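Visitor: sequence below, structure please.
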Amino acid sequence: MKAYNKYMIWAVIIALSAIIGINTAILHGDSYNSRRYMVEIERAAKEIGELKSIDLEKYPLIHEIEKSSEITDDFLAGSNYDYVIRKIDNIYYRFDYIREDATDKRLLLLVNLIMAIASVLIFGMFVFVKHIILKPFNRLNNVPYELAKGNLNVPLKENKSRFFGRFVWGLDLLREKLEKQKKEELDLQKEKKTLILSISHDIKTPLSAIKLYSKALSKNLYRDENKKQEIYEILGKKADEIEAFVSDIILASREDFLRLTVNSGEFYLKELMKAVESYYGEKLEINRTEFLIYKYSDCILKGDFDRSVEIIQNIIENAIKYGDGSFIGIDFIDEEDCRLISVINSGATLKESELPHIFDSFWRGSNSEGHYGSGLGLYICRQLIKKMGGDIFACIEGDMVKVTVVFRKG
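Guide: From the prediction side, this is the model:
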């Protein structure tokens with residue numbers, strides 16, 4: 001801004017110098033032109049002296065010539081013009097002349113007025129640029145630097161300027177987006193750290209069991225072959241648990257962990273139920289769990305088909321893990337432009353007070369003791385269905401737990 005102020009001062013100095021220069025040139029030219037009438041009078045006097053006559057048409061600045069043998073008051077007072085007296089051959093000649101002001105004062109005034117207006121406009125333009133463009137822009141000088149440092153709390157005052165208003169608005173949106181991304185990144189890192197710590201703690205349980213049974217087997221404490229076979233199966237299950245924990249740790253280390261994406265589209269409800277039934281029909285039959293899919297009318301649902309299958313599978317897996325293994329069913333309800341799909345399982349082991357937290361990340365209820373898990377299944381379900389424009393909620397009805405997913409119809 002200091003450099004710009006210097007430019008303004010120089011502009012004023014140049015404008016004033018131009019006005020003074022033009023006035024000087026005009027006035028100098030006027031002093032030259034104002035002597036033209038004297039030149040014509042001298043030429044006319046010479047012509048009279050030589051020719052004893054004169055043609056006034058050749059002398060536009062000489063209005064009239066009077067002569068007299070002597071100078072009298074009447075001779076001097078007989079003119080309304082400026083005049084010059086010349087004595088030629090003992091005769092006095094009065095040359096009445098017209099003073100030609102080549103510098104017409106009105107022209108001089110007009111030139112000065114134009115120069116003054118131009119100077120004011122130029123100065124006004126400098127002031128306009130300074131206050132309307134440069135000052136608002138100057139206030140944004142440090143914003144990119146602060147954003148580059150990671151300081152995303154830089155306040156940006158609202159600017160209604162038609163030049164910078166939209167720019168400031170867009171810059172503020174960028175700042176808010178960067179701030180949101182930074183917060184999401186910090187939350188993600190926190191969730192990763194929490195998950196890894198939780199999994200690392202959970203690994204200790206099967207690992208301790210493996211060490212204990214291995215030590216017992218090494219000392220041949222179990223002589224019964226059936227008991228040994230049972231211990232081998234337990235060791236295998238514990239090893240599977242540790243393998244699952246390790247898989248979760250590897251998953252948590254990925255950059256796209258919990259960055260859930262969906263592909264918007266449409267699919268038939270019948271296709272979704274066919275995929276679910278083909279996977280769980282036989283599995284639940286082997287577990288001797290009654291699996292029932294109630295009657296429904298086919299319709300088109302909005303969302304990502306693969307993600308929708310994942311949502312239903314996660315809910316059913318929870319029902320298998322925390323239910324009593326007696327019954328799992330899928331029911332359907334139409335509501336306005338939505339289709340509600342509810343997964344119901346018998347064995348409500350969850351406390352009513354814990355129900356609001358089941359969709360929180362890394363949260364595990366009091367009924368999770370003895371069950372492997374990271375507390376992310378239902379959290380992921382909620383994130384996915386929200387991205388598809390739907391919703392999810394749960395309730396306890398007697399000894400039944402019902403988790404309902406809201407899909408939008410196509």
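Visitor: when you work out contacts or count neighbours from here on, use the C-alpha atoms and nothing else.
Guide: Fine.
Visitor: just the mean pLDDT for stretch 68-78, thanks.
Guide: Averaging pLDDT along stretch 68-78 gives 83.
Visitor: mind listing what's buried in that stretch?
Guide: residue 75 (16 or more other Cα atoms under 10 Å).
Visitor: any chance you could list what contacts it?
Guide: Defining contact as Cα atoms under 8 Å, 6 or more residues apart in numbering, one finds that stretch 68-78 is touched by 90-93.
Visitor: one more time with 6 Å
Guide: The contact list for stretch 68-78 (Cα atoms under 6 Å, 6 or more residues apart in numbering) reads 91-92.
Visitor: and what of stretch 50-64?
Guide: Here stretch 50-64 has contacts from 37, 48, 96-98, using Cα under 6 Å, 6+ apart.
Visitor: among the residues you listed, name the ones in strands.
Guide: Among those, DSSP state E puts 96-97 in strands.
Visitor: now, of the contacts of stretch 50-64, which are buried?
Guide: Judged by 16+ other Cα under 10 Å, buried ones among those: 37, 48, 96-97.
Visitor: pipe the residues you listed into CSV and attach distance to residue 69 and pLDDT per row.
Guide: Listed next are these as CSV, based on distance: Cα to Cα, whole Å; pLDDT from 0 to 100:
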residue, distance to residue 69, pLDDT
37, 24, 79
48, 15, 87
96, 17, 90
97, 21, 85
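Visitor: any idea which of these is closest to residue 313?
Guide: The nearest member of the buried ones among the contacts of stretch 50-64 to residue 313, counting by Cα to Cα, is residue 37 at 113.9 Å.
Visitor: how close does the residue nearest to that closest one when sequence neighbours are not counted get to residue 327?
Guide: What sits nearest to residue 37 in space, not counting adjacent residues and going by Cα to Cα, 6 or more residues apart in numbering, is residue 61, at 5.8 Å. Distance of residue 61 to residue 327, computed by Cα to Cα, to the nearest Å: 127 Å.
Visitor: now residue 306
Guide: For residue 306 relative to residue 327 (Cα to Cα), the value is 25 Å.
Visitor: same question for residue 15.
Guide: Taking Cα to Cα as the criterion, residue 15 is separated from residue 327 by 95 Å.
Visitor: how about the contacts made by residue 311?
Guide: Residue 311 neighbours (Cα under 6 Å, 6+ apart): residue 381.
Visitor: so which helix or strand takes in it?
Guide: Per DSSP states H and E, residue 311 falls inside helix 305-322.
Visitor: can you check residue 333 too?
Guide: Residue 333 belongs to strand 327-335 when elements are defined using DSSP H and E.
Visitor: just want the angle from whatever helix or strand comes next after that strand to strand 327-335.
Guide: Per DSSP H and E, the first helix or strand lying C-terminal to strand 327-335 is strand 338-346. Here the directions of strand 338-346 and strand 327-335 differ by 160 degrees (axes from the mean of the first three to the mean of the last three Cα atoms, to 10 degrees).
Visitor: taking the mean pLDDT, what do you get for the helix or strand that comes right after strand 338-346?
Guide: For strand 338-346, the following helix or strand on the C-terminal side (DSSP H and E) is helix 377-387. For helix 377-387, the mean pLDDT works out to 88.
Visitor: for helix 377-387, which positions count as buried?
Guide: 377-385, 387.
Visitor: how about the strands in the stretch 51-200 of the chain?
Guide: Using DSSP state E, counting those that start in this stretch, the strands assigned to the stretch 51-200 of the chain run over residues 62-68, 82-88, 91-97.
Visitor: hmm, back to that, save the buried residues of helix 377-387 as a markdown table, and put in distance to residue 334 too.
Guide: As requested, the buried residues of helix 377-387 are exported to a markdown table (distance: Cα to Cα, whole Å):
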| residue | distance to residue 334 |
| --- | --- |
| 377 | 26 |
| 378 | 23 |
| 379 | 25 |
| 380 | 24 |
| 381 | 21 |
| 382 | 20 |
| 383 | 22 |
| 384 | 21 |
| 385 | 17 |
| 387 | 21 |
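Visitor: roughly how far apart are the closest residue to residue 81 other than its chain neighbours and residue 49?
Guide: Spatial nearest neighbour of residue 81, excluding adjacent residues (Cα to Cα, 6+ apart): residue 96 at 5.7 Å. Taking Cα to Cα as the measure, residue 96 and residue 49 are separated by 18 Å.
Visitor: again with residue 381
Guide: Residue 381 is 124 Å from residue 49, by Cα to Cα.
Visitor: give me the number of residues near residue 269?
Guide: 20 (other Cα atoms under 10 Å).
Visitor: list the contacts of it.
Guide: 298-299.
Visitor: if we use 8 Å, what do you get?
Guide: Residue 269 makes contact with 298-301, according to Cα under 8 Å, 6+ apart.
Visitor: look up how far residue 275 lies from it.
Guide: Residue 269 is 10 Å from residue 275, by Cα to Cα.
Visitor: quick one: pLDDT of residue 261?
Guide: Taking residue 261 on its own, its pLDDT is 78.
Visitor: confirm that it sits in a helix.
Guide: No. Under DSSP: H, G, I helix; E, B strand; the rest coil, residue 261 falls outside any helix and is assigned coil.
Visitor: how much space between it and residue 404?
Guide: Using Cα to Cα, we find residue 261 at a distance of 21 Å from residue 404.
Visitor: with residue 347 instead?
Guide: In terms of Cα to Cα, residue 347 sits 17 Å off from residue 404.
Visitor: quick one: the helices in this structure, in order.
Guide: Ranges of helices within the chain are 2-33, 36-51, 73-77, 105-128, 135-138, 143-149, 165-218, 225-253, 269-286, 305-322, 377-387, based on DSSP state H.
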